[in-house]
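*Asks:* 3D model of this:
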Amino acid sequence: MSLSQTLSQEFPRLIGLNSSQPTTVTLPTTDGVDMSVDFTIVDTLSCAFRELRMDVPRLAGASFAMLEHWAEDLSKRITYLLENIGPLEFDPTTQQVLIRSKSPDLRTGGAKYYEVLLQCQSAGRFVLRRFHSDPAQCGRDQVDLTMTHETLLKLVEDLLATVP
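*Replies:* The predicted model follows:
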């Protein structure tokens, strides 16, 4: 069973969840990929989650060029989020690539944006988060990502399809 199919079977169990403390759903390893989602709200149509993580142990020690390729593929394939994403920073020393929203959402009196961190130090790792920054304050705050179940399942499938 694929990760998206397994995740889809978790939704009925989670319906009604509404908590400021995330409930982590860790999906069983499938094709050498581990995935976890930190849900805060789940209803019959949509969900909110703090973070989505994917570990790909076979990418441990992969070349930086492969990580760059993964970042480009992800950015081209995932075009249905609230903002388009694209690679922002490449750091060959730490074996990391940072992907962010190309044009953050500015409708909230600040900026909201997606951030994806790709790493291949100890294992291949993907982390998706959303942040809000207020120009009147220093720093940024992590906020929940909200999307329909269908969009989250498509995101999971697309993430897996781009893993090198």
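*Asks:* wait, what's in contact with the residue most central in space within the chain?
*Replies:* Taking Cα atoms, centre = their mean as the criterion, Leu128 is the residue nearest the geometric centre of the chain, at 2.5 Å. Shown here is Leu128, whose contacts under the criterion Cβ atoms under 8 Å, 6 or more residues apart in numbering are 51-53, 114-116, 145. Placement of C-beta: from N, CA and C, glycine included.
*Asks:* could you export these as TSV, including secondary structure?
*Replies:* Output for the contacts of Leu128, formatted as TSV (DSSP: H, G, I helix; E, B strand; the rest coil):
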residue	secondary structure
Glu51	strand
Leu52	strand
Arg53	strand
Tyr114	strand
Glu115	strand
Val116	strand
Leu145	strand
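*Asks:* which elements pack onto the lengthiest strand in the chain?
*Replies:* When every strand of the chain is counted residue by residue (DSSP state E), the longest turns out to be strand 18-30. Using 3 or more Cβ pairs under 8 Å, 6 or more residues apart in numbering; DSSP states H and E, the elements in contact with strand 18-30 are helix 3-14, strand 33-42, strand 46-56.
*Asks:* just the buried residues of it, please?
*Replies:* Within strand 18-30, the residues that qualify as buried are 22, 25, 27, counting by 16 or more other Cβ atoms under 10 Å.
*Asks:* which of the residues you listed sits closest to Leu88?
*Replies:* Lowest distance from Leu88 to the buried residues of strand 18-30 (Cβ to Cβ) belongs to Pro22, with 25.7 Å.
*Asks:* okay, the residue of the chain positioned farthest from its centre: pLDDT?
*Replies:* Here the chain has its C-alpha centre computed as a mean, and the residue farthest from that point, by Cα atoms, centre = their mean, is Ala136 with 27.3 Å. At Ala136, the predicted lDDT confidence score is 81.
*Asks:* backbone dihedrals for it, both of them.
*Replies:* As for Ala136, its main-chain torsions (degrees, to the nearest 10) stand at phi -80, psi -10.
*Asks:* residue contacts, it?
*Replies:* When contacts are counted by Cβ under 8 Å, 6+ apart, Ala136 touches no other residue.
*Asks:* quick one, what contacts the nearest residue to Ser8 once chain neighbours are set aside?
*Replies:* Closest residue to Ser8 apart from its sequence neighbours, by Cβ to Cβ, 6 or more residues apart in numbering: Leu153 at 5.8 Å. For Leu153, the contacting residues are 4, 7-8, taking Cβ under 8 Å, 6+ apart as the criterion.
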